[in-house]
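*Asks:* Quick one, what's the 3D model for this:
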Amino acid sequence: MGPKVVIVHFAPIEFYPPIQNLIRTLEQRKKAKVIIIATKPIAKVVRPFVVNIDRIKLFRIGKSSATLQPIVRYFNYVLFFASSLLIMIWYRPTRILYFETISSWPVYIYCRFFNTSCNVLIHYHEYTSPQEYDSGMVLTKYFHSLEKKHYNRALWVSHTNEFRMNMFLKDIQPISILNPQIVPNYPPRSWYMKPNRDLRIPIKIVYVGALSLSTMYTCEFANWVLAQQGKVQWDIFSVNCTADARDFLIDLNSDLITLKGGIDYADIPINLKHYDIGIVLYKGVLLNHIFSVSNKLFEYLALGLDVWFPIEIRGSLHLLNEQVSPKVIAVNFLDMMNYDVMRMAEKTKEHIKPAIFCEDAIEPLLTCIKL
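*Replies:* Below you'll find the model as predicted:
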């Protein structure tokens, strides 16, 4: 019997740790037979993501990137959506999980015309406001108008935190959701490390992820690092660094700030184990950022690193903790010069093992989808 579960993810898996963790968890389930449909990465990746089990089939169809020429981009849309629909028609899945509005069209068509009894499950990596749908890509706005017809019969609809879910539920009124759920972006349990016990000089700070000057406190934090005159050292792992951010960091010409290359998601633990503090730098320009908990916050915590994040990121404030390691501290990056780095970075006598692992977070989803 062929797979009866299809997962549709119109984006390269390499850039989305939650879908990577879902697949790795499925690989550990001996009876899980799944088809996954995703796009190929056009941007440089450290290492292509591969599936290690034959019973999980990964189809890579087309490419997705805002940098593609419009005609090429729309060709890839048509290729992906048509191919996804044909795969569904061929395998006749009884349950489909799709990620984000952009993946919804072939699911809608399949369930509307080819298998009306198919169960639909939906997960959103990000929150998109009605204003963003209206001002964004016409295709996404149209797909969203169609996917709303799934909502009141969807077996599952999830966001990454309660803030986003509450805004989403308000946005779609009077439509109601049968089974709204929260699935945080946690890392694997195998990542867990105890915090370093000793405070060393220089204090080693790390940032992992995309970097820019306009939406992140890159300049402010870099200037603060230099002002510490050797007390701290900042390393940056980024495969997606804007040209102006790269030029800014290079022009600083300081051995206290090092811009490294990208890092594969699976290699994060081995590369970050010697650091003391991980930082999140979003300014909170978008509601999606303001009401978020960055993937990296949980990843830093799992690896035993203290975390500093901007005080504007209201979705993370409930995680504040300065009493037990690893600590979580909200920082005003516009007033960094008034912070005492030695006090902020000092180690506590006690540590906790955070309950933030993906296996636990996605278990309800796998139960719902019968995997």
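*Asks:* For the closest residue to residue 354 other than its chain neighbours, give me its contacts.
*Replies:* Sequence neighbours aside, residue 301 is the residue nearest to residue 354 in space, at 4.8 Å (criterion: CB to CB, 6 or more residues apart in numbering). Every C-beta, even on glycine, is put in place using the N, C-alpha and C of the backbone. If you count contacts by CB atoms under 8 Å, 6 or more residues apart in numbering, residue 301 has them with 307, 326, 328, 354, 356.
*Asks:* Now tabulate these in a markdown table and tack on neighbour count.
*Replies:* Below are the contacts of residue 301 laid out as a markdown table (neighbours: other CB atoms under 10 Å):
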| residue | neighbour count |
| --- | --- |
| 307 | 25 |
| 326 | 26 |
| 328 | 20 |
| 354 | 16 |
| 356 | 21 |
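*Asks:* Which one of the residues you listed is nearest to residue 237?
*Replies:* Of all the contacts of residue 301, residue 307 has the smallest distance to residue 237: 15.7 Å, by CB to CB.
*Asks:* Let me know whether the closest one touches residue 275 as I believe.
*Replies:* No. Residue 307 is not in contact with residue 275 according to CB atoms under 8 Å; the separation is 11.1 Å.
*Asks:* on that earlier part again, okay if I get the contacts of residue 301 as JSON lines plus secondary structure, distance to residue 342 and pLDDT?
*Replies:* As requested, the contacts of residue 301 are exported to JSON lines (DSSP: H, G, I helix; E, B strand; the rest coil; distance: CB to CB, whole Å; pLDDT from 0 to 100):
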{"residue": "307", "secondary structure": "strand", "distance to residue 342": "18", "pLDDT": "97"}
{"residue": "326", "secondary structure": "coil", "distance to residue 342": "17", "pLDDT": "94"}
{"residue": "328", "secondary structure": "strand", "distance to residue 342": "18", "pLDDT": "96"}
{"residue": "354", "secondary structure": "coil", "distance to residue 342": "24", "pLDDT": "88"}
{"residue": "356", "secondary structure": "coil", "distance to residue 342": "27", "pLDDT": "93"}
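*Asks:* between those residues, which is nearest residue 152?
*Replies:* residue 356 (31.9 Å).
*Asks:* Compute the distance between that closest one and residue 289, please.
*Replies:* The gap separating residue 356 from residue 289 is 20 Å, by CB to CB, to the nearest Å.
*Asks:* Check residue 261 too.
*Replies:* If you measure residue 261 against residue 289 using CB to CB, the figure is 25 Å.
*Asks:* what about the strands in the chain?
*Replies:* For the chain, the strands identified by DSSP state E occupy 5-9, 34-40, 56-63, 95-99, 119-123, 156-159, 180-182, 203-208, 232-237, 257-260, 277-279, 306-310, 328-331, in order along the chain.
*Asks:* And the helices in the protein?
*Replies:* Counting by DSSP state H, the chain has these helices, from start to end: 17-27, 70-91, 104-109, 130-135, 138-151, 162-171, 218-227, 243-252, 268-272, 287-290, 295-302, 341-345, 358-368.
*Asks:* What score does residue 47 have for pLDDT?
*Replies:* Listed pLDDT for residue 47 reads 87.
*Asks:* so what's the nearest residue to it once chain neighbours are set aside up against?
*Replies:* Counting by CB to CB, 6+ apart, residue 264 is the residue found nearest to residue 47 once chain neighbours are left out, at 4.6 Å. By CB under 8 Å, 6+ apart, the residues touching residue 264 are 45, 46, 47.
*Asks:* returning to that earlier point: who has more neighbours, residue 261 and residue 289?
*Replies:* Set side by side, residue 261 and residue 289 show unequal neighbour counts under other CB atoms under 10 Å, the larger going to residue 289 at 21 against 11.
*Asks:* Okay, the more buried one and residue 29: tell me how far apart.
*Replies:* In this structure, residue 289 lies at 34 Å from residue 29, with CB to CB as the measure.
*Asks:* For PyMOL, what selects the buried ones among the contacts of residue 264?
*Replies:* Typed into PyMOL, the next command selects the buried ones out of those (criterion: 16 or more other CB atoms under 10 Å):
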select buried, resi 45
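*Asks:* Same list (the contacts of residue 264) but as TSV, adding distance to residue 157.
*Replies:* Conversion of the contacts of residue 264 to TSV gives the following (distance: CB to CB, whole Å):
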residue	distance to residue 157
45	30
46	32
47	32
